[in-house]
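# this is the structure alone, sequence omitted:
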């Protein structure tokens, strides 16, 4: 079983809809949680990061962490065709230094 | 501000050969990380260098090695290439472990696509 599980999709939504993404993990030692966006043939780009449990909002993006359930989510409001990409969750344990463990990514397609 | 730069963009090698990939971090970043992104396998952690030293290593064979130079740039070497080494190799940089509170994320380069034939 992988440490971090993420539905590969693809997730197809109409423009303007809310995109809901999530990851589950098995290691309760993870402390830092991140979401990256990766366009085709590009490196991942950091969207959001949170430490421990709670919510964080940045523009159209909201990240949620529920450590008791080992579940993290990313919501994208008012989705745009330019949001079409692969979204990767990532997390790390403080004790492991700065190493990140990634989910496999969810491919999102926002249709005009 | 220049981002993380990787070279070459594409690399084609024959099985058994050696490949050398290069990475220049963002100015001020002392930590460099290497990840392999193979089709269907997601990002797999390879190596972490900080202040010139190897700090952590993923579950890869010893033929994957690297180093970090005094200017914090880094090189990844893959010896005795195998077909399954074909992947996108991503380099990322961040503030180092000794530079205060970890901000929680890396900045990635666009990668080197290695094809082994």
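Ah, there it is. Everything numeric here is computed off the predicted structure, so don't read it as measured data.
# going by C-alpha atoms from here, please, whenever you check contacts or count neighbours.
Noted.
# my guess is residue A:11 meets residue A:106, correct?
Yes: taking contacts as CA atoms under 8 Å, residue A:11 lies within contact range of residue A:106: 7.4 Å.
# what about those two, which has more around it?
Higher neighbour count among residue A:11 and residue A:106: residue A:106, with 22 against 16, using other CA atoms under 10 Å in any protein chain shown.
# bridged to that one, which residues?
residue A:87 (DSSP bridges).
# separation between it and residue A:86?
Distance of residue A:106 to residue A:86, computed by CA to CA, to the nearest Å: 5 Å.
# tell me where chain A has strands.
Using DSSP state E, the strands of chain A run over A:4-6, A:11-14, A:19-25, A:32-38, A:45-51, A:54-58, A:61-66, A:71-76, A:85-92, A:101-102, A:106-111.
# tell me which residues of the second one are tucked away?
Neighbour-count burial for strand A:11-14, counted by 16 or more other CA atoms under 10 Å in any protein chain shown, picks out A:11, A:13.
# who does the helix or strand bottoming out on mean pLDDT in chain A touch, helix- and strand-wise?
Lowest mean confidence among the helices and strands of chain A (mean pLDDT, DSSP states H and E): strand A:45-51, at a mean of 88. With contacts defined as 3 or more CA pairs under 8 Å, 6 or more residues apart in numbering or on different chains; DSSP states H and E, the packing partners of strand A:45-51 are strand A:32-38, strand A:61-66, strand B:107-108.
# okay, now the unreliable bits of chain B?
For chain B, the stretches with pLDDT under 70 are B:1, B:97-105.
# OK, contacts around the closest residue to residue A:6 other than its chain neighbours?
Nearest in space to residue A:6, with sequence neighbours left out and distances taken as CA to CA, 6 or more residues apart in numbering or on different chains, is residue A:23 at 4.8 Å. Residues in contact with residue A:23 (CA atoms under 8 Å, 6 or more residues apart in numbering or on different chains) are A:4, A:5, A:6, A:7, A:71, A:72, A:73, A:89, A:103.
# rerun that using 7 Å as the cut-off
For residue A:23, the contact set (CA atoms under 7 Å, 6 or more residues apart in numbering or on different chains) comprises A:4, A:5, A:6, A:71, A:72, A:73, A:89.
# out of these, which is most surrounded?
Highest neighbour count within the contacts of residue A:23: residue A:89, with 30 neighbours (other CA under 10 Å).
# quote the end-to-end distance of stretch B:19-29.
End-to-end distance of stretch B:19-29: 25 Å, with CA to CA as the criterion.
# which residue ranges of chain B form strands?
Applying DSSP E to chain B gives strands spanning B:5-7, B:10-13, B:19-24, B:31-38, B:42-50, B:53-57, B:64-68, B:74-78, B:87-94, B:107-108, B:112-116.
# against which helices or strands is the shortest one packed?
Spelled out, that is strand B:107-108. Contact here means 3 or more CA pairs under 7 Å, 6 or more residues apart in numbering or on different chains; DSSP states H and E; on that basis strand B:107-108 packs against strand B:87-94.
# the strand it packs on pairs with which strands?
Paired strands of strand B:87-94, defined by DSSP bridges, are strand B:31-38 (antiparallel), strand B:107-108 (antiparallel), strand B:112-116 (antiparallel).
# okay, and the beta partners of residue B:24?
Applying DSSP bridges, one finds that residue B:24 bridges with residue B:5.
# isn't it up against residue B:5?
Yes: using CA atoms under 7 Å, residue B:24 is in contact with residue B:5, at 5.2 Å.
# more crowded one of the two?
Taking neighbours as other CA under 10 Å, residue B:24 and residue B:5 compare with residue B:24 leading, 24 against 20.
# what is the burial count for residue 50?
Picked chain A for this. Neighbours of residue A:50 under the rule other CA under 10 Å: 20.
# that's the other chain; I wanted chain B
Close neighbours of residue B:50, defined as other CA under 10 Å, add up to 23.
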